[in-house]
Every structure is written in C-alpha cells, then in structure tokens.
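Colleague: Fold the following for me, if possible:
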Amino acid sequence: MSFITKHWRGKLPLWLSFWLIGVVPLVVIRVVEPHWLIAVPLDKSWAVPLVLAYTAIVLLLLFPWQAVGVVRSAFKHFERYGKSHILYTVQAAVVAAGIAAASHSVYTLQRLTGLVEQYRFDTQEAEQRPVIRISDSDKSVLTITGELKFGVAKDVRKALSYTAGVTTVVLESGGGQIYEGRGLALLFKENGLNTHVHTECSSSCTTAFIGGVKRSLAAGAKLGFHQYGLDANRSRQSSSIYDTQAEQVKDAELFIEQGVDSGFTEQMFNVESTDMWYPDAAMLLGAGVVHQIK
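Modeller: Numbering: from 1, shown residues only. The predicted structure follows:
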C-alpha cells in the first residue's frame, strides 16, 4: 500500500498524518507561494493557466486528500485510545484549515488578477514611452518623440551620458507630465543644449523646449499652450496632491528666466486645459520664445 493511499485511508499515525501531511505542506505553500507567483512570466501564454491549475490542485486535490486522511486517522486514534478531545480538536482544525484554504485560494486569484492588470498597465506604459534616439545622419542631434511619461528626463540624461557631442534636442510631443517637462528644461540648460521643433510641441513639451539655449522652429511648426490639468482617470485622487496653479507659476518663472517676455507668460495659460493656443511665428519670435524659424 502506497504512502498516499495509507494516508487517505487513515492508516498512518495521527501525529504523522496531522503534522507532516496536514500542517507542513500548508506552511510551505504560504511561505513559497508569494515568491513564485511574482516570478511567473506573465508574458507567456501558459502563465495564467498554470496559476489556475495550481490553485485547483491545491484546493480540489491536495487539501481534500490531506483533510480526509487526517480526519480518518483521528477517528482511528479515538477508537484505539478513546480520547475524544483529540478527535474534536483535529476536526475543528480541519474545518478551520478548509476555510483558510478556500480564503487563500480566493486571495491567490485576486493577486493573479492584480499582477495581470499591472503587467498590462506596465506593458502599455512601455509601449507608449517616448522614443529617444540619436540621429543616424547627425550625431549631434537627439530626438524625443511621444508623450513625456514619468522617467523620460532620467532616460534622456542617461542617453546624453552615453553619447558625446549632442548639441541639439528635437522635440516632437503633445505633452505629458508637468514635472518631466520641467526636468527636461533644466537638463537642457545644465548641458547648454539647443532645442528645435519640426512639427509640434505642446503643453508640457513647451516647458522642455524653453530650456534650450537657442530655440528654433521649422517653418510651419507649432508650439501649443494651455492651462495645466489632471488626467481624467487620476484627477479625483490627485487633486489634493497636485496644485496645477502653483506649477503654472513655476513654469512661467522659468520662461521669464529664459528671456521670454512677461506679457507672453501672462497669456500662455489663459486657454482651458481641454483646448490649445498656438501663437503665430511672429508672436513667438517677438516674445523671445523662439530665436529662429528655419
């Protein structure tokens, strides 16, 4: 008779059945499971089915085998020694373990759902991160294309540290995070870089643009300005943390420090966050926002 069958029929000593088979595996599962669950490669098609199969095996196969064997062993122990309090204690422990196992399985599935959602979010964020590259034809030009997500200033600083000779940053972005736009502006000032726009640079991208020592636009290119606002999905929890009015004041001061006329900074935040103001080239040149159209 195999060990598995002996336990199932309650033929093992109670102490062995209860502690070695009933308690130890549950402790091991609780300790090991969080680590391997996080390590599951969610980009693999088999990852989610694997976790679901694991949960089903633990809840529908392992635990029933443990519980039935322990209870049967407890009954045989009672028949032999007549200690009812041990029988009742074991039965209560099995019931409590069953509730805990079911609860833990639900928790595991919830964690899996959370990890999958986080993976999807992180993947989406990675796919939408701005493209930072050095021009193949001119190693002095670094181009930033796409939304200014959290971490872009850090990524640009790293790119600059790897490549000597960059003098100009080309910005092609509809905007993004306020702090990243300001961070890029300070980074450009720190490194004495020029900024240029081929097509459009709007919202927080204009803050990055203003950090350039010499600032230029291609003919027909646009700079877009509006009031700062919060992402609709995050506005509720973020409104008590971020003071958009204060951030506008900080960036207006940065524009003035970079030689922009104060009359312009008084206008650039007049448009609602849902709209965009595109000053013409003459106004941008006259206000000192742009030094050259080329």
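Colleague: what about the closest residue in space to Arg157 that isn't next to it in sequence, distance to Val166?
Modeller: The shortest distance from Arg157 to any non-neighbouring residue, by CB to CB, 6 or more residues apart in numbering, is to Leu187 (5.8 Å). Where C-beta positions appear, they are placed from N, C-alpha and C, glycine not excepted. Distance, Leu187 to Val166, by CB to CB, to the nearest Å: 11 Å.
Colleague: likewise Leu20?
Modeller: 65 Å.
Colleague: ok so, going back, okay, and the common contacts of Leu187 and Val166?
Modeller: 160, 193 (CB atoms under 8 Å, 6 or more residues apart in numbering).
Colleague: re earlier: give me the more crowded residue out of Leu20 and Val166.
Modeller: Neighbour totals were compared for Leu20 and Val166, and Val166 leads with 20 against 13 (other CB atoms under 10 Å).
Colleague: can you pull the buried residues of stretch 80-98?
Modeller: 87, 90, 93-94, 97 (16 or more other CB atoms under 10 Å).
Colleague: of the residues you listed, closest to Leu59?
Modeller: Ala97 (11.7 Å; CB to CB).
Colleague: didn't the closest one look like it was pressed against Leu26?
Modeller: Yes. Assessed by CB atoms under 8 Å, Ala97 is found in contact with Leu26 at 6.8 Å.
Colleague: Give me the common contacts of these two.
Modeller: Counting by CB under 8 Å, 6+ apart, the shared contacts of Ala97 and Leu26 are Gln66.
Colleague: Okay, now the unreliable bits of the stretch 101-250 of the chain?
Modeller: Under the criterion pLDDT under 70, the flagged ranges of the stretch 101-250 of the chain are 111, 114-129, 230-242.
Colleague: now the strands for it?
Modeller: 131-134, 141-145, 168-172, 194-197, 200-202, 215-217, 222-224 (DSSP state E, counting those that start in this stretch).
Colleague: The last one: partners in the sheet, and parallel or antiparallel?
Modeller: Take DSSP bridges as the rule and strand 222-224 pairs in its sheet with strand 200-202 (parallel).
Colleague: One more: the first one?
Modeller: Sheet pairing for strand 131-134, assigned by DSSP bridges, gives strand 141-145 (antiparallel).
Colleague: would you put the C-alpha positions of the partner strand in CSV?
Modeller: Once non-C-alpha atoms are left out, strand 141-145 reads as follows in CSV (Å, rounded to 0.1, in the frame of the first residue of the first chain):
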residue,chain,number,x,y,z
VAL,A,141,21.0,65.7,-32.7
LEU,A,142,19.0,63.8,-30.1
THR,A,143,15.2,63.4,-30.9
ILE,A,144,12.5,62.9,-28.3
THR,A,145,9.2,61.7,-29.9
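Colleague: Since that was my last question, I'll sign off now.
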